[in-house]
Structure formats: C-alpha cells, structure tokens
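# Sequence and predicted model, in that order:
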Amino acid sequence: MEEPEQYAVANRQLTEPAVQQEAPTEPGAFVSPGESVFETKNVSIYYGSFRAVTDVSLSIHEHEITAFIGPSGCGKTTVLRTLNRMNDLVVGARVEGDVHYRGASLYAKDVSPIAVRRRIGMVFQKPNPFPKSIYDNAAYGPRINGERSKAKLDEIVERSLRQAALWDEVKDRLNKSALGLSGGQQQRLCIARTLSVEPDVVLMDEPCSALDPIATGAIEDLMQEIKSKYTIVIVTHNMQQATRVSDRTAFFSVLINEKSDTRTGVLVEYDRTAKLFQDPRDGRTKAYVTGRMG
Amino acid sequence: MAVSAGRQIVDLREPPSWRRTKNRIMTVLMVLAFVLVMVPLGFVLYTVIAKGASIISWQFLTGSIPPNVLPANVGGMGPAVVGTLEITALATVMAVPLGVLGAVYLNEYGGNKLLAKVIGFMSDVMTGVPSIVMGLFIFSIWVLHFGYSGLAGALALGCLMLPIVIRSTYEMLRLVPDSLREGSYALGASKARVTVTIVLPAAIGGIVSGALLAVARAAGETAPLLFTILTVTTVNRNVFSGANTSLPSQIFANASSPYVGAQARGWGAALTLIAIAFILMIVARFVTARFARYQR
C-alpha cells in the first residue's frame, strides 16, 4: 500500500495559494486538483452555540467511494449533511470554514441550496420512499426538474431502477405503493430515486443500517457498479463495510470537554482505506479499527 | 430450572392478588364510562328519529315552508335545505382553503417566527369564541352595512370553521415525517415544491376529513345565523343578497312555535340535519380511505 504518497500530494495542493479562475472574494480560495470533488478546510459545524464538529479538512475524490467511520456522536452524519447543505434545514445549524465543491464555495451567499442538492443527492439511513407508487417515486426527481414527457419519464424510471438493481423485482408492479416493498427494496428504490436525476455525487448516510446482510450485499455491489459514473460518500458504522466498499476512509472521533460536558467531533485520520485499517498513523484510529474502542 | 426428576412447570398465570381485582374494577369502570357516553347520544337519535321519521318524504325535503298553523302533512323544509346547503357550501369555499393555507404557513414556513406564534395562538383563541359572538361580529361589520344575506351567514360560519380547519390541518401536517421532506429536498426540490408534492398529498386524507368535520359542525350552527340571515320562509336561491333560511334556524323557529304541525316539521328538520351531518361523516371516511391507498 504505497498510496499515501498520492494522498500527500493532494493534501499539499490544498494548502497552495489561490491560483487562476477562482472567485477573488475568497481569501483562502484553493483550486481543486482535477479529480477532487469536495475540499473542506477547517470546517466547524454548530447547532446554535454548540459546536458539533470542529476543524475538518479533507478532500473527496471523483469516482471514488469515501467512507466516514467513527463512534456514535462523532459528527460523521453532520459532516455528510454539510456537503449538500441538508443542515440548512436544521434550525440553528451553522457552518464555519470553507467547503468547496468543484471549485465553488458551497456556503457562499449567492449559492442556492436547491441547485446544490440537484447535483449532490442523498440516501438516508432509514428508507424514506414517498407514499406514492413505485413509478412516481422514481419519476419524482425528473418531474420536479420539469420533465413532462411520458416516454422520457418511462425511460428514466427504467434506467434508474435498473441501476439500483431493482427493475426485475418491480417492473410488473410499478403502480403499486412503494411502501409495500421490503426494507431492502425500499432502500434501493430510494437509491434509484437519487440516481434518477443523474447527480454528480451521491451521499449515503448509513444506507444499510436497517437492512439484512443480503440486502446490504446488494447495495454494496450496486455502489461498486455505479462508482464509475458517480462519486460516493458513505457514512457507516460497520467497519467491514468500509473496508469492503471504500477507496478512502475518514475516521472521526469524539473530543469530550469535561468542563462543559459537551462532545465535539473531530477528524482524526483520513487516508486510503487499506492504509488506514492496516497501518494507521494515529493511536486512536488504531484502537478503533482493532476494536479496542468505540 | 432443574433438569432432574419431574420437570417443574412454570406458572405464567397472573397472581391472584389485589392487582387482578384492580384490573377488573377498572375494566368495568371503563365500560360504564363508554355506556354513559353513549346514553345521551342514543336518546337524542331515538327521539329525533321517533318524532321526525314519519314526516320525512321527498315532498318534505323540497316543499315550501307553510304557515305555522297548518298541520304536519302540509308543506316541508325545502327553503331551509337549500339555504343550509348553499350557506354551508359558501362558508366551506371561504374557510377551508384559507385554513389549509394558514396551517401550511404555521407548520412549514412559520417555524419559530413571532408571526407564526401569534397566528397559532389567535387561532386557538378563535376556537373558543362563542358562536353567537361570531354572529354578532358579522352583524356589526357586515349586516349593518350590506343587509341580511346568505353570504353574511356564510361569513359567520366561515369564521367558526376557520380555527377548526387550521388546527386539524396543522396536526395532520405535523404527522408527516420529516424524512419525507428531506427525501424531497435531497432531490433539489424547493420548499413550495416539497409542500405541494409531498407534504400535502401525504396529509390530504386527514386534511379532508378534518375539513368535513368542520363543515358538519358549521352546518348545525344556529346562533351565528340568527343575526346574519334573518330566518325567512321563502326560498332564496341567491346566496349573496336577501334574507335566507337554514335548517337550524328553522328548527329554532318551529320549536318555539305553539302549533303541533310546526313542531312536527321542526323534528323533521332536525332529522334532516342529522342525516346531512351523517352523510358528511361517511364521505369523510371514504375520502380518508381513498387517499390512504398508498400509505400501506
């Protein structure tokens, strides 16, 4: 695993001074290397006055699967939801630091969260199909984007259901309620729904935590298949899953402040998955991945 | 448990103790409470049906209201049926959309804003305003300037329905899980889009049945109509001007009349009103079931 070199290179570019086309209003603007999709720099996330996550700097690469692991309450999900501005929906949530997506600052004043989320889709922990038919679920995204043609919608529905490995199971009952599907099917339908708008990035928040091993396997296979077209970031509690599917892994941990009795998430280590699991640099990572903590 | 000689059988029955007795007593009390609640309802239904059923006929539902002195087999309640239907319909058209929009604002847009808190509080206060006060209110701001009309009655009924619709819709919207909203936001939907395509459809069954309950409640109101439509005996198809009549007002007028025929017509009107409310309830059930077909 001699990969760390490359990561170090990517990391160095993070700190290089602003070059060319970037918005001059950004003092610490940095240009992403060709393959980097997200760059975060010293990101802290607050809920009201409570600092949930502090000082996260990492870059997420195109056509890779990046896993966020760590104990409960370490802010993995919070960081993930920062990447498509889902945290905007939480009253009092606030982000400090730079989050760049393909060179644009995600939290700049004139950025529309709607435009962001059209490019950066999300799959949630609990399957959340809409109480509509299977077809209407898969066609929802294209419809809100203005697609009216029945033929086009049919095509999109079939394509996304196929991509999510669900088509063969549901093609005869597209007009039945999505809530009649099993948990694993519902989750794949939610993935199909996310893929239907052909996003650039798919964020997955513990997508398999409610599923049995077979459904989990199906979804992991699916992630590998769609990786060539999308960039995937996945939060998982399951370290085996991280080693199975991801190219890079970020390990988050919790800092407990004894005085105020608050817990703040920190990014401990971010590296190639194999490196992080076999030869971690940080003692905390080692303790966690070997099962001695968390 | 000992594996040796003679397997011991576990006693899983409830221990014979005070707890068991208490359970029995409470069960009996609950059944009694239910019966007590049903008794007045049963009597009301029995009395109204016993006294009103014999007079109900197509002619009764459509015939004109005769002078009170005439016997029960003459005339009917046609103008009152027409009045109740048109006034309630107009009130519904005004109050339901406004109430639903108000609830959407409170739950989806208001958040912790001061305006939302004030509106929510005011709507709760409005629920407690006596219906006769609502009638007086419309009398003073509308009837005094524009005269008696079905519209004035509809305004009073609408004011009564509005808080009920807001409250029931608000509760239904609150039941829509945030995970559905998030799923829609994650696809790049705007707030308006999320509300129209996800939240309202998910709650529509409850919203419709809540609205129909408010309609049924308003259809039975007498007090707000007393000063607003001026109970008359002739049919008035124009709901926007001129005095009108309604079933509740007619029941009130006929009940206070000394003539047997008029009283019998009053009972018939009462039964008609209950039947209308009952039909609305059934419709509400059907609508809820119809819209719930994707819920499971």
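On my side now, so go ahead.

# hey, let's count contacts and neighbours off CA atoms from now on
Will do.

# so what's the backbone phi/psi at B:Asn112?
phi -100, psi 20 (degrees, to the nearest 10).

# before we move on, what about B:Val96?
phi -70, psi -50.

# From chain A, how far off is it?
Counting by Cα to the nearest Cα, to the nearest Å, the separation of B:Val96 from chain A is 24 Å.

# Geometrically speaking, which residue is the centre of chain A?
A:Leu203 (2.6 Å; Cα atoms, centre = their mean).

# Can you verify my assumption that that one contacts A:Gln125?
No. Using Cα atoms under 8 Å as the test, A:Leu203 is too far from A:Gln125 to be in contact (10.8 Å).

# Could you point out the helix or strand that follows the host helix or strand of the residue nearest to the centre of chain A?
Here A:Leu203 sits within strand A:201-205, counting by DSSP states H and E. Per DSSP H and E, the first helix or strand lying C-terminal to strand A:201-205 is helix A:213-226.

# rewinding a little: how much does the strand holding A:Leu203 deviate in direction from helix A:213-226?
160 degrees (axes from the mean of the first three to the mean of the last three Cα atoms, to 10 degrees).

# Give the burial count for the residue of the stretch 151-296 of chain B found nearest chain A, as a bare number.
Going by Cα to the nearest Cα, chain A is nearest to B:Gly188 of the stretch 151-296 of chain B, at 4.4 Å. Residues within reach of B:Gly188, counting by other Cα atoms under 10 Å in any protein chain shown, total 26.

# Surely it is in a strand?
No. Under DSSP: H, G, I helix; E, B strand; the rest coil, B:Gly188 sits outside any strand and is assigned coil.

# mind listing the helices for the stretch 151-294 of chain A?
Applying DSSP state H, counting those that start in this stretch to the stretch 151-294 of chain A gives helices spanning A:167-170, A:183-195, A:213-226, A:239-245, A:273-278, A:283-289.

# May I see those helices organised as a markdown table, with distance to chain B added?
Shown next, in a markdown table, are the helices of the stretch 151-294 of chain A (distance: least, Cα to the nearest Cα, whole Å):
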| stretch | distance to chain B |
| --- | --- |
| helix A:167-170 | 16 |
| helix A:183-195 | 7 |
| helix A:213-226 | 18 |
| helix A:239-245 | 23 |
| helix A:273-278 | 27 |
| helix A:283-289 | 31 |
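
# With mean pLDDT, distance to A:Gly92 and mean neighbour count added, can I get the ones you listed in a markdown table?
Output for the helices of the stretch 151-294 of chain A, formatted as a markdown table (pLDDT from 0 to 100; distance: least, Cα to Cα, whole Å; neighbours: other Cα atoms under 10 Å in any protein chain shown):
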| stretch | mean pLDDT | distance to A:Gly92 | mean neighbour count |
| --- | --- | --- | --- |
| helix A:167-170 | 91 | 41 | 15 |
| helix A:183-195 | 92 | 27 | 26 |
| helix A:213-226 | 88 | 33 | 16 |
| helix A:239-245 | 91 | 31 | 17 |
| helix A:273-278 | 91 | 34 | 19 |
| helix A:283-289 | 89 | 31 | 17 |
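
# how about a markdown table for these, with distance to B:Val165 added?
Below are those laid out as a markdown table (distance: least, Cα to Cα, whole Å):
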| stretch | distance to B:Val165 |
| --- | --- |
| helix A:167-170 | 39 |
| helix A:183-195 | 33 |
| helix A:213-226 | 43 |
| helix A:239-245 | 49 |
| helix A:273-278 | 55 |
| helix A:283-289 | 54 |
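
# The ones you listed: which one's closest to B:Ile87?
helix A:183-195 (46.1 Å; Cα to Cα).

# which other helices and strands contact that closest one?
strand A:120-123, helix A:134-144, helix A:150-163, helix A:213-226 (3 or more Cα pairs under 8 Å, 6 or more residues apart in numbering or on different chains; DSSP states H and E).

# Who are the contact partners of the nearest residue to A:Ala93 once chain neighbours are set aside?
With Cα to Cα, 6 or more residues apart in numbering or on different chains as the criterion, A:Ala93 has its nearest non-adjacent residue at 4.4 Å, and that residue is A:Tyr47. Contacts for A:Tyr47 (Cα atoms under 8 Å, 6 or more residues apart in numbering or on different chains) come out as A:Val91, A:Gly92, A:Ala93, A:Arg94.
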